[in-house]
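K.L.:
Okay, here's the prediction I keep looking at, along with the sequence it came from:
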Amino acid sequence: MEADLCRADVLHPVTRDAVVVIDPARRSNGRRRFHLADYQPGLGPLLDRYRGRDVVVKCAPGIDFEEVGRLGFEGEIEVISYRGGVREACLWSAGLAGSGIRRRASILDSGEQIGDDEPDDCGVRPAGKWIVDPDGAVVRAGLVRNYGARHGLWQLDPQIAYLSGDRLPPALRGFEVLEQLAFDERRLRQVLSALDCGAAEILVRGVAIDPDALRRRLRLRGSRPLAVVITRIGAGSLSHVTAYVCRPSR
């Protein structure tokens, strides 16, 4: 195989019909650039220059999807995770995007992909036997409901990413609910002590609790590793914070 190599300004294309893969600089002097206009080159000029072309643009995973849309992008945004961390987002122009897909999550560890073209008929119910914290790519891509529908799970709250079910889908990591209580540190400490907990993985959504600080205050002295899932349930005056003491599946 032979390839032609040339050095050129990306804003002055040297091809007419080739697929172009662009990785704009997202750091300056060792510091990350969070605004799309601060990329080098900026995302706006890039999209304008390659309008109508097949192009893939690598971006930071925290990009503002609405801002990308305001720049006139009409393709697919793919959010990619690896080893539990959200690594990057890729913009696929309309000619390269999946049919009818605007957002996709790709989990490299498992090879699973899910897009917004899949059903999102995911209900809201109290916790079942298991709680699932979806992969970060799924959450970042806004596909929690689609993911829940695919795996036969439901949400604990429509605004919170935790999912639940009475069985754990194959290959997913989950948390088997042992105890459920209104969040109170003293009561939580008592429950964990009664279950001989010596180490706790603490997951928090929808409430301002520092997991590391809480873990120190719990002063766990048992021998059993457990998990505590803390989340807000409900909205406004009806909202409350619930803690689920769980056994991790792995």
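P.N.:
Structure's in. What do you need?
K.L.:
So this protein: which segments form each domain?
P.N.:
20-115, 176-250 (automatic domain parsing).
K.L.:
mind putting the ones you listed in JSON lines, distance to Ala8 and mean neighbour count included?
P.N.:
Quick note: C-beta positions are derived from backbone N, CA and C, even for glycine. Converted to JSON lines, the domains of the chain look like this (distance: least, C-beta to C-beta, whole Å; neighbours: other C-beta atoms under 10 Å):
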{"stretch": "domain 20-115", "distance to Ala8": "11", "mean neighbour count": "16"}
{"stretch": "domain 176-250", "distance to Ala8": "46", "mean neighbour count": "15"}
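K.L.:
Any idea which of those domains has the lowest pLDDT on average?
P.N.:
Among the domains of the chain, domain 20-115 has the lowest mean pLDDT, at a mean of 93.
K.L.:
one step back: with respect to Ala127, which of the domains of the chain lies nearest?
P.N.:
With respect to Ala127, and counting by C-beta to C-beta, the nearest of those is domain 176-250 at 5.6 Å.
K.L.:
Trp92 contacts Glu76, doesn't it?
P.N.:
Yes - counting by C-beta atoms under 8 Å, Trp92 does reach Glu76; the two are 4.4 Å apart.
K.L.:
Please state the backbone phi and psi of the residue nearest to Asp64 when sequence neighbours are not counted?
P.N.:
Leaving aside its chain neighbours, Asp64 sits nearest to Leu36 (7.4 Å; criterion: C-beta to C-beta, 6 or more residues apart in numbering). Leu36 has phi and psi values of phi -60, psi -30 when expressed as degrees, to the nearest 10.
K.L.:
returning to what we had before: if we compare the domains of the chain, which one ends up closest to Trp130?
P.N.:
domain 176-250 (5.8 Å).
K.L.:
Tell me how far the closest one lies from the chain's centre.
P.N.:
Chain-centre distance of domain 176-250: 22 Å, with C-alpha atoms, centre = their mean, to the nearest Å.
K.L.:
what's the span of it, first residue to last?
P.N.:
Across domain 176-250, the terminal residues are separated by 11 Å (C-alpha to C-alpha, to the nearest Å).
K.L.:
Equivalent analysis for stretch 101-112, please.
P.N.:
16 Å.
K.L.:
and what of stretch 106-117?
P.N.:
Stretch 106-117 end-to-end distance (C-alpha to C-alpha) = 14 Å.
K.L.:
which other residues reach that stretch?
P.N.:
76, 78-84, 98-105, 135, 137-138, 141-143, 146-147, 150, 171 (C-beta atoms under 8 Å, 6 or more residues apart in numbering).
K.L.:
Ok, stretch 134-153 next?
P.N.:
61-62, 65, 77-81, 84-86, 89, 103-107, 114-116, 118-122, 132, 154-155, 161, 163-165, 167, 169, 172.
K.L.:
re the thing from before, of all the domains of the chain, which lies closest to Ala3?
P.N.:
domain 20-115 (13.6 Å).
K.L.:
how long is that closest one from one end to the other?
P.N.:
23 Å.
K.L.:
from the middle of its chain, how far away would it be?
P.N.:
The answer for domain 20-115 is 15 Å, by C-alpha atoms, centre = their mean.
K.L.:
biggest helix in the chain by residues?
P.N.:
Scanning the chain for the helix with the most residues, using DSSP state H, yields helix 185-194.
K.L.:
For it, name the packing helices and strands.
P.N.:
If you count contacts as 3 or more C-beta pairs under 8 Å, 6 or more residues apart in numbering; DSSP states H and E, helix 185-194 packs onto strand 175-182, helix 211-218, strand 224-233, strand 240-248.
K.L.:
Quick one: residues contacting the nearest residue to Leu156 once chain neighbours are set aside.
P.N.:
Once flanking residues are discounted, Leu156 sits nearest to Tyr162: 5.0 Å by C-beta to C-beta, 6+ apart. Residues near Tyr162 by C-beta under 8 Å, 6+ apart: 131-133, 155-156, 205, 229, 231.
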